[in-house]
Every structure is written in C-alpha cells, then in structure tokens.
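> next comes the sequence, and after it the predicted model I'd like to discuss.
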Amino acid sequence: ELAYQWFNVPNGTILDPFAGGSVRGIVAAKLWFQYLWNDLRNEQIEANRVNAKEVLQDTEIYPTWTCGDSLQINTIAKDYKADMIFSCPPYADLEVYSDKKEDISNMPYKEFLQVYCEIIRKSCELLKEDRFAVFVVGDVRDKKWFYQNFVSDTIKAFIDCGVLLYNEMILVNAVW
C-alpha cells in the first residue's frame, strides 16, 4: 500500500511481470490503481480472479491478469504504459513454482539471471518517463550456502535499463 501511494501517481497504472498471488492486485484496486499482472501459470491466475471477486465484490476497478511467459511482457502488455512497475519476482530457485521450461524459478542462477534481466528490460520499456520501479527482493544462497548477490543483480539490471536506484527499504521482521 505504501509503495503504491509513495511511488505512483494518483489513479496510476501498475505493471507486474511476476504476478504470483492476488494481494498486490487487490490492494491496488482498493486504492484505485489500474493493475496489469502477468504470470506463467494459468492456475495461479484463476485463483487470483476467484480471490479478487470474493474480496472486491462490486468494486469498479479490478486487476487485469494475463497468462504467459514474462519474457514476452513487451508483447503481452504491448500498448500498456505503466506509471509504476511493482513486483515480487521469483528469488532464483529458492521456491520452484512449476516444471515449465519457461519458469525461471527452475533455472540455474546464471540462466535465471539472464532471463530475469531481459524481463526487467522489456518491462522498463513499458514504464513512462520519470516514474518508479519497485521490486521486493531478498538475497538467496546457492547450493553451497553462498550468497548469489540477487539484490545487487536486481539493482544492476534496472541501472542497465536507465532506471536509477532512488531508495532502498528494509523490512524488519523481528527485533530482539
């Protein structure tokens, strides 16, 4: 909710190339933002639609979910101009979502990163000038328990697209 209100324009449009669950779209609709999501798995999209209908009921704005390979986001969302990109992408292979060959969550990190950066690049081409991209990421470890450097790789992917790092936010889950 805060990311939408702090980093988007009133009644703005949001693009999410890694849809996952329904919450981000439902919150966007409640706040009067148009939300275009894409996910590789049709069963996830259908679950999102059912959940949105339960929660949003007769709300005027509903998220738009599309199903397809996010590597084709520039075709899937061809005429969409986003005021904001907001996503929580797969954290490499930390959680594998399907066995589909297009699913980047089941790729080795080097291949994952190459496709991930291309999806970011194509998404950034749909972002309006002077707007923000917000990705919720955390670091992941390889099979030998060394960090992959995913957070820095994500920042670099956006910088390579001309989208500069404006701010970082850190969620503290527990304080001792």
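All right, it came through fine.
> which residues touch the residue nearest to the spatial centre of the chain?
What sits nearest the mean C-alpha location of the chain, by Cα atoms, centre = their mean, is residue 87, with 2.1 Å. Contact analysis of residue 87 by Cβ atoms under 8 Å, 6 or more residues apart in numbering lists 16-18, 123, 134-136. The way it works is simple: take the backbone N, C-alpha and C, and place the C-beta from them, glycine included.
> for residue 28, see how far away residue 85 is.
12 Å (Cβ to Cβ, to the nearest Å).
> okay, the two: which has more neighbours?
residue 28 (26 against 23; other Cβ atoms under 10 Å).
> could I get the buried residue list for the strand or helix carrying the more buried one?
Using DSSP states H and E, residue 28 sits within helix 23-30. By neighbour count on 16 or more other Cβ atoms under 10 Å, the buried set for helix 23-30 is 24-29.
> that one packs against which elements?
Applying 3 or more Cβ pairs under 8 Å, 6 or more residues apart in numbering; DSSP states H and E, we find helix 23-30 packed against strand 13-16, strand 34-39, helix 42-56.
> from the contacts of residue 87, which land in helices?
Among the contacts of residue 87, DSSP state H puts residue 123 in helices.
> now the biggest strand by length in the chain: buried residues?
In the chain, assigned by DSSP state E, the strand with the most residues is strand 127-135. Residues 127, 131-135 are the ones in strand 127-135 that count as buried (16+ other Cβ under 10 Å).
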